[in-house]
Each structure stands twice: as C-alpha cells, then as structure tokens.
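Participant: Pasting the sequence and the predicted model now:
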Amino acid sequence: MSPWLIGLIIVLALVFIIIVSNIKIVPQANAFVIERFGVYYTTWHTGIHMKVPFMDRIARRVSLKEQVVDFEPQSVITRDNVSMQIDTVVYYQITDSKLYAYGVERPIMAIETLCATTLRNIIGELELDNTLTSRDKINERIREILDEATDAWGIKVKRVELKNILPPREIQVAMEKQMKAERERRARILDAEGEKTSQILVAEGHKEAAILRAEAIKETKIREAQGEAEAIIAVQTAFADSLRMLNEAAPSDRVIALKSLETFAQVADGRATKIIIPSELQSMSGLATVLKELVIDGNVDNTPKNRQEGADSTAKAARTASKPIMPQTTMGNNQIGTGFVDQYAGPVGNVSQSVDAQAALRDRARQALDRNTPAR
C-alpha cells in the first residue's frame, strides 16, 4: 500500500472523528449556551445539534427544571429586640439560559445573600408574636422581592418558605409558660361556664317542676270544686223533686201530723239535749186529730188517779195549749225554732230542768179530746 493511500485513510479517519465529536444531543429540560469565537452565539434546546469545530464551544449547560436550595440559618432581630435564627428554603427555576449564564456571577450565592437581607428587613418590622404567626405573609413578601430582583438574571422564584424559626432558649421557656397559663385560663373559663350552665339548667328544672305542681294542685282543686258543686246540685235537685212529688201527692193533714209526731218522738228519745217542736203541732185541730188516735188505740193512759190530779192536769194542759213548751233559763230563749226542752241542767242554771215532753203532749191531747168529744 502506498504512503499516499495510508495518509488519505488517516485523514479521513480524523475527519470522521472530528465530525462525530462535534455532534451534540441536548437532553430534555436542558439548554446549552453556545459561544462562537468567545461571543454568545445561540442557545441549544432539546435535540441533535452540530457544533462547528474550532469555532463554537458550549459555554454553559443549564437545567430548566425547578430547583430547591436550602440556605443556612440567618440571624435576625425582631422589632422588640429578640434575636433568633431563621433558615429559609427557596424554590426557583431558570427561564432564560442566556441571562442566567451572563446575568450574574454565582447566581445561587446572590440569591442567598438577597434572601438574607430581605428577611432581616421584614423581620425587623415585626414583633416576636407577629413573626411566629405571620409566616405566610413573610414568605409572600420575600418571594415578591426575590422574584423582582432575579428577573434580570433569568431566574423565576417560585416559592420561599421559612423552614425553622429558632428563638433563644429563655424565650422558648417563657413562651411555654405563657402557653401553659393561657391553657389553664381557658380551662378555668370552660369549667366556670359549664358550672354556670349546670346551675341554670337545675334552676330551670326546679322552676318547671314547681309550676307543674302548682298547676296540678290548681287542677285538683278545680275538679274537687266542680265535683262538690255537681253533688250539691244533684242533692238539691233530688230534694226539689221530692218536694214536687210530695206536693203532687197532696198528703192530708192527718198524714203530715203523723209524720211530725214520729219525727218528734225520734227527737225526744232521751239522747237529745234539745227538742224542737214543729209549729204544726201547735195547731190544736191537727194535734187533737193525731193524739185522738193515740188515746183511742190505748197508747196514752188518760185515767186520772184521783179527781184532784185530773183537775190539775186539765189546767196544765190549758196553760200549755196557749203557748209552746219552752224551757226557762237565765240566759233567755234565744234558740231557733218554736220551742225546745233541755234534759240536762247546767251547774250555773242556764238550762232548765228536764221536762217530760210526752207527758205534756198527752195532757194537751187530753184537753183537746175533752173539748171536741160530745157528751153522751
């Protein structure tokens, strides 16, 4: 083989190697910044690209994915002069490879420094309690400031999060005591409110029970009164019916006198202390008619033991016929009725001695019989 042929093969091999080495493939979510003769030429995105040998070079390979960086804790001082440590987490994404490559040197360090200064400015305007309870506001303000500053660097700040807020140990102890006191206060308030509610419910229960008892008593009394009224009405109605029936029957004087005598005999049975004589018995005609039957039947012994006794009894009957039998008392006769007889006399003499009511009736009947019976 001739030397020229060998040299041609070597040259062709070198050309092939150079061509193959200048073929570049850009992966997904990546970008290559290309410089030609040291000047920015273009940006390669995903796909196959051919680089001109000895003229183009890849200045920077840029990842277009969203990235996260955790910064070291930064010392900050609150408005009420409390020193604490706060570490932040920044989520960012490169949107412009050219600006990212040529905008700022060491962009991550620039973001960290900007984040620390912004955090100190924001925390310096807040007190400790507000710092602990306003994380969302702090995050949003830091994100807005960083996004505005990094826009010229081809970086988009997606989110900023305060990872940890570490106050001094003595502040933590004080916060724990405050939290414990607050919880105890809430517990006491809840206990007091529960006791108050319980007492109110118990009082309302007693009130309702008293009202129900009063209503029950009221209802009972009303029903008892209604029952008594109905009973009285029924008794009076029955009494009125009996009187009406008695009037419709038209009883004779003899029947009325007989009933009066039976009633008087029951009253004067020896157990009563007062005897009320009906006014009908004072009528001589009715009394004579009734007692005549008694004398004829043999219920009254009208034979005088001697002449003097008969005359005395006749005179006594005449005296008693003109007036009812009334007891003589020192108090006067103030009793209800036409007359009465007391069987027992009091020690002070205010009740007359006992009188034989039946004997007086017999005397009055005998006198009426003598006057009404014709001589044989």
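Facilitator: Perfect, I can see it now.

Participant: For the stretch 201-350 of the chain, which residues score under the pLDDT cut-off?
Facilitator: Scanning the stretch 201-350 of the chain with the threshold set as pLDDT under 70 gives 251-257, 259-350.

Participant: at 80 what do you get?
Facilitator: By pLDDT under 80, the weakly predicted segments of the stretch 201-350 of the chain are 243, 246-350.

Participant: Output the below-cut-off pLDDT ranges for the stretch 1-150 of the chain.
Facilitator: Along the stretch 1-150 of the chain, segments meeting pLDDT under 80 span 1-3.

Participant: Strands of that one, residue ranges please.
Facilitator: Using DSSP state E, counting those that start in this stretch, the strands found in the stretch 1-150 of the chain span residues 23-26, 30-36, 39-44, 47-50, 56-63, 66-70, 74-77, 83-94.

Participant: now could you export just the CA positions of the second one as PDB?
Facilitator: Below are the C-alpha coordinates for strand 30-36, written out as PDB (Å, rounded to 0.1, in the frame of the first residue of the first chain):
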ATOM      1  CA  ASN A  30     -31.800  21.300  29.500                       C
ATOM      2  CA  ALA A  31     -30.300  24.000  27.400                       C
ATOM      3  CA  PHE A  32     -26.700  24.700  26.100                       C
ATOM      4  CA  VAL A  33     -25.400  28.200  25.800                       C
ATOM      5  CA  ILE A  34     -23.100  28.300  22.700                       C
ATOM      6  CA  GLU A  35     -20.400  30.800  22.100                       C
ATOM      7  CA  ARG A  36     -18.600  31.300  18.800                       C
END
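
Participant: returning to what we had before: any chance of the strands of the stretch 1-150 of the chain in CSV, with mean neighbour count and distance to residue 186 too?
Facilitator: From N, CA and C alone the C-beta is placed, and that goes for glycine too. Shown next, in CSV, are the strands of the stretch 1-150 of the chain (neighbours: other Cβ atoms under 10 Å; distance: least, Cβ to Cβ, whole Å):
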stretch, mean neighbour count, distance to residue 186
strand 23-26, 13, 62
strand 30-36, 18, 56
strand 39-44, 15, 61
strand 47-50, 12, 65
strand 56-63, 16, 51
strand 66-70, 12, 37
strand 74-77, 15, 31
strand 83-94, 18, 27
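
Participant: Make a markdown table out of those strands and add distance to residue 133.
Facilitator: A markdown table is the format used below for those (distance: least, Cβ to Cβ, whole Å):
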| stretch | distance to residue 133 |
| --- | --- |
| strand 23-26 | 47 |
| strand 30-36 | 42 |
| strand 39-44 | 45 |
| strand 47-50 | 50 |
| strand 56-63 | 37 |
| strand 66-70 | 23 |
| strand 74-77 | 16 |
| strand 83-94 | 14 |
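
Participant: Looking at the ones you listed, which is nearest to residue 132?
Facilitator: Evaluated over those, closeness to residue 132 peaks at strand 83-94, with 9.6 Å, by Cβ to Cβ.

Participant: Residue 205: how many residues sit nearby?
Facilitator: For residue 205, the count of nearby residues is 10 (other Cβ atoms under 10 Å).

Participant: so the one helix or strand residue 191 maps to versus strand 83-94, what angle?
Facilitator: Element membership for residue 191 (DSSP states H and E) is helix 169-249. Helix 169-249 runs at 90 degrees relative to strand 83-94, counting by axes from the mean of the first three to the mean of the last three Cα atoms, to 10 degrees.

Participant: sorry, back to before: of all the strands of the stretch 1-150 of the chain, which one is nearest residue 108?
Facilitator: Among the strands of the stretch 1-150 of the chain, the nearest to residue 108 by Cβ to Cβ is strand 66-70 (6.0 Å).

Participant: Residue 155 versus residue 114, what's the distance?
Facilitator: 11 Å (Cβ to Cβ, to the nearest Å).

Participant: what's the answer for residue 134, then?
Facilitator: Distance, residue 134 to residue 155, using Cβ to Cβ: 26 Å.

Participant: hmm, back to that, give me the more crowded residue out of residue 114 and residue 155.
Facilitator: Using other Cβ under 10 Å as the criterion, residue 114 and residue 155 rank with residue 155 on top: 26 against 17.

Participant: partner residues bridging the spatially closest residue to the more buried one that is not a sequence neighbour?
Facilitator: With sequence-adjacent residues excluded and distances taken as Cβ to Cβ, 6 or more residues apart in numbering, residue 155 is closest to residue 92, at 5.3 Å. With DSSP bridges as the criterion, residue 92 is bridged to residue 67, residue 157.

Participant: ok now do residue 92, which residues does it touch?
Facilitator: Counting by Cβ atoms under 8 Å, 6 or more residues apart in numbering, residue 92 touches 66, 67, 68, 69, 111, 150, 155, 156, 157, 158.

Participant: Show me which of the residues you listed is closest to residue 122.
Facilitator: Nearest to residue 122 among the contacts of residue 92 is residue 157, at 15.0 Å by Cβ to Cβ.

Participant: Residue 73: how many residues sit nearby?
Facilitator: With other Cβ under 10 Å as criterion, residue 73 counts 15.

Participant: now do residue 18
Facilitator: The number of residues packed near residue 18 is 11, by other Cβ under 10 Å.
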